[in-house]
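In: turn this into a model:
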Amino acid sequence: MMQEGSKIYGELMSALTRSDYRTLVLAALGGALEFYDFIIFVFFAVVIGQLFFPPDMPDWLRQAQTFGIFAAGYLARPLGGIVMAHFGDLLGRKRMFMLSIFLMSVPTLAIGLLPTYASIGIWAPLLLLALRVLQGAAIGGEVPGAWVFVSEHVPPRHVGFACGTLTAGLTGGILLGSLVATAINKLYAPAEILTEGWRVPFIIGGIFGLVSVWLRQWLHETPVFKEMQARQALADELPLKTVVREHRPAVLMTMLLTWLLSAAIVVMILMTPTLVQKLYAIPAATALQANSIATLFLSLGCVVFGVLADRFGAGRVLMAGCTMLGITSMLFYQQLAIAPQRINELYALSGFFVGVIGVVPSVAVKAFPPVVRFSGLSFSYNVAYAVFGGLTPIVVSMLLPLDPLAPAHYVVALSTLGVLIGTYLWQKG
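Out: Okay, the predicted model is just below:
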């Protein structure tokens, strides 16, 4: 299978064309909008909790249930990703690529139009949960599907750049969500947000997502999949069955790399704004502004590290990038205790090196042969992200009373794992 994949790749063009760039732009744009749709929920969690649960419910219970609905999206990722990947390996990458963003856009738009608890009672949180599960299933298919799609459209020596650009688009969705949430809070008074203002970001996300569905119709099926179709070389059994039986080392490596990716994103980007407010008494507005800067540098870093992986090899770049990720994350948390006024430059620096995660997808897509690539990547990535992405906030929170630098130490530990994997890839050649 690996020889077949190499032969197919060898027949592709050796330089990026205008069509390749168009594919990357449309894929990254769609990925950004889809990730925005998935993440915008958390920026309005407090408001949603007030509107979709009984007013006499204790505040802590209301927030727990709201974040429980948010977490349901993560729990739905593996199932949605595995199902879509199955059909992506058998019917085509493009079909699933369009289906994933459609399944994200419609629930997002529906959330923005959903009646609240005051109107329909208990059905409000139940419908919200159902829509959130659909979003989770969609994102489970979108992320690995997008990586496979762009990697199979470009020549082998540009896979790092393609995957890094796509990952930059996904992380750009987080930045977009942050900026829209900030704008809504500036344009609307608190009372107006509770009435209609909270609906605006969901409706915007749903509409733009549907526009992305329309734009993706102009994309073409990947040359790799079309070649396999022509040669009748598609999987003759359940793709996931083949993955589990024949590609366990690739599954293990992808899961470990996903652990690194989830640690970097969850701790340094999603948790840090709240953590620095509690640990160093940094104002919320200052922390969120610095987070936006860090996310911007993260997106830039994804592209830079992807290009470097093409030039110097994923192993070497992973070693160097993870070393700097560990150093800058520790520097960030140590220096904030001394010089909190330097938060913007410190966060930008660490955010840039979080961008080393841009190397992860290029390693993962190459670890599986084309015939089961979508299923192998989707299974490994989504299961690992559901486990490690869910456990990371819990582990870090439990360690904080014992170690004020627990977030940095956690990232350093996973960076060390990244260095070890990079060393293995480098020695492997």
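
In: in the stretch 101-250 of the chain, where is pLDDT below threshold?
Out: Segments of the stretch 101-250 of the chain classed as low confidence (criterion: pLDDT under 70) are 232-233, 235-236.

In: where along it do the helices fall?
Out: For the stretch 101-250 of the chain, the helices defined by DSSP state H, counting those that start in this stretch cover 117-120, 123-151, 159-187, 190-192, 199-216, 223-230, 239-246, 248-263.

In: looking at these, which is closest to residue 390?
Out: helix 248-263 (8.9 Å; C-beta to C-beta). All C-beta atoms are positioned from the backbone trio N, CA, C, and that covers glycine.

In: quick check: next helix or strand after the closest one?
Out: Downstream of helix 248-263, the first helix or strand assigned by DSSP states H and E is helix 272-280.

In: packing partners of that next one?
Out: Where contact means 3 or more C-beta pairs under 8 Å, 6 or more residues apart in numbering; DSSP states H and E, helix 272-280 is packed against helix 284-312, helix 314-336.

In: picking that back up, of the helices of the stretch 101-250 of the chain, flag the one that's most buried.
Out: Across the helices of the stretch 101-250 of the chain, the average number of neighbours (mean count of other C-beta atoms under 10 Å) peaks for helix 123-151, which reaches a mean of 24.

In: include distance to residue 409 when you put the helices of the stretch 101-250 of the chain into JSON lines, please.
Out: Listed next are the helices of the stretch 101-250 of the chain as JSON lines, based on distance: least, C-beta to C-beta, whole Å:
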{"stretch": "helix 117-120", "distance to residue 409": "41"}
{"stretch": "helix 123-151", "distance to residue 409": "27"}
{"stretch": "helix 159-187", "distance to residue 409": "23"}
{"stretch": "helix 190-192", "distance to residue 409": "38"}
{"stretch": "helix 199-216", "distance to residue 409": "35"}
{"stretch": "helix 223-230", "distance to residue 409": "41"}
{"stretch": "helix 239-246", "distance to residue 409": "34"}
{"stretch": "helix 248-263", "distance to residue 409": "11"}
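
In: so for residue 314, which of these sits nearest?
Out: helix 159-187 (6.7 Å).

In: and the angle from the closest one to helix 199-216?
Out: 150 degrees (axes from the mean of the first three to the mean of the last three C-alpha atoms, to 10 degrees).

In: show me what helix 159-187 is packed up against.
Out: helix 18-43, helix 123-151, helix 199-216, helix 284-312, helix 360-367.

In: using TSV, lay out those helices together with distance to residue 348.
Out: Formatted as TSV, the helices and strands packed on helix 159-187 follow (distance: least, C-beta to C-beta, whole Å):
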stretch	distance to residue 348
helix 18-43	20
helix 123-151	25
helix 199-216	25
helix 284-312	5
helix 360-367	21
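
In: so which of those helices comes closest to residue 113?
Out: Across the helices and strands packed on helix 159-187, closest to residue 113 is helix 199-216 (C-beta to C-beta), at 7.2 Å.

In: ok so, going back, and the helices and strands packed on helix 159-187: which comes nearest residue 398?
Out: Of those, nearest to residue 398 by C-beta to C-beta is helix 18-43, at 20.9 Å.

In: from the contact counts, what lies against that closest one?
Out: Applying 3+ C-beta pairs under 8 Å, 6+ apart, one finds that helix 18-43 contacts helix 59-75, helix 93-113, helix 123-151, helix 159-187, helix 199-216.

In: so which of the ones you listed comes closest to residue 328?
Out: With C-beta to C-beta as the yardstick, what comes closest out of the helices and strands packed on helix 18-43 is helix 159-187 (16.7 Å).

In: quick one, which of the helices of the stretch 101-250 of the chain gets closest to residue 86.
Out: helix 239-246 (5.9 Å).

In: can I get the CA coordinates of the closest one in PDB?
Out: Taking Å, rounded to 0.1, in the frame of the first residue of the first chain, the C-alpha atoms of helix 239-246 are listed here in PDB:
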ATOM      1  CA  PRO A 239     -11.100   1.000   6.300                       C
ATOM      2  CA  LEU A 240     -11.000   1.300  10.100                       C
ATOM      3  CA  LYS A 241     -10.600  -2.500  10.400                       C
ATOM      4  CA  THR A 242      -7.500  -2.300   8.200                       C
ATOM      5  CA  VAL A 243      -6.200   0.600  10.200                       C
ATOM      6  CA  VAL A 244      -6.500  -1.100  13.600                       C
ATOM      7  CA  ARG A 245      -5.000  -4.400  12.200                       C
ATOM      8  CA  GLU A 246      -2.200  -3.100  10.000                       C
END
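
In: ok and that helix relative to helix 248-263, angle-wise?
Out: Using the same axes, to 10 degrees: helix 239-246 against helix 248-263 is 110 degrees.

In: so which residues lie in contact with helix 239-246, not counting its own?
Out: For helix 239-246, contacts defined as C-beta atoms under 8 Å, 6 or more residues apart in numbering pick out 82, 85-86, 89-90, 235, 250-251, 368, 371-372, 374-376, 379.

In: buried members of the residues you listed into ChimeraX, please.
Out: Selection of buried members from the contacts of helix 239-246 for ChimeraX, criterion 16 or more other C-beta atoms under 10 Å:
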select :82,85,86,89,235,250,251,368,371,372,374,375,376,379
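
In: give the rounded mean pLDDT of stretch 314-334.
Out: What stretch 314-334 shows for mean pLDDT is 97.
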